[in-house]
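A.B. asks: Here is my input, please return the structure:
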Amino acid sequence: MSKKKAFALRLNEEMLKAIEKWASDEFRSVNGQIEWILMKGLKEAKRDPKRKAE
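C.D. replies: Numbers count the residues shown, from 1 in each chain. This next block holds a predicted model:
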């Protein structure tokens, strides 16, 4: 399992509320939802950290 690093993230209130609702709808924590969103974006950009270097 990879090591996790904590850092501060500043979001506007409306964005946070939307993420909280989305996370609740998918039975995830807000942190888990943000990680999922970021990983999805990385995969779509072909920058997934688990991809082998090409």
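
A.B. asks: Could you check how far residue 43 is from residue 4?
C.D. replies: Here residue 43 is placed at a distance of 19 Å from residue 4 (CB to CB, to the nearest Å). C-beta here means a position set from N, CA and C on the backbone, and glycine is covered the same way.

A.B. asks: So for the two, which residue has more residues nearby?
C.D. replies: Legend: neighbour count by other CB atoms under 10 Å for residue 43 and residue 4, higher for residue 43 (13 against 7).

A.B. asks: Can you report how many residues lie near residue 33?
C.D. replies: The number of residues packed around residue 33, counting by other CB under 10 Å, is 19.

A.B. asks: which outside residues touch the longest helix anywhere in the chain?
C.D. replies: When the chain is parsed with DSSP state H, its longest helix is helix 30-44. Residues outside helix 30-44 that contact it (CB atoms under 8 Å, 6 or more residues apart in numbering) are 9, 16, 19-20, 22-23, 26, 28, 48-49.

A.B. asks: could those residues be laid out in TSV, adding neighbour count?
C.D. replies: Listed next are the contacts of helix 30-44 as TSV, based on neighbours: other CB atoms under 10 Å:
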residue	neighbour count
9	8
16	14
19	17
20	13
22	15
23	18
26	10
28	15
48	13
49	8
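
A.B. asks: Okay then, goodbye and thanks.
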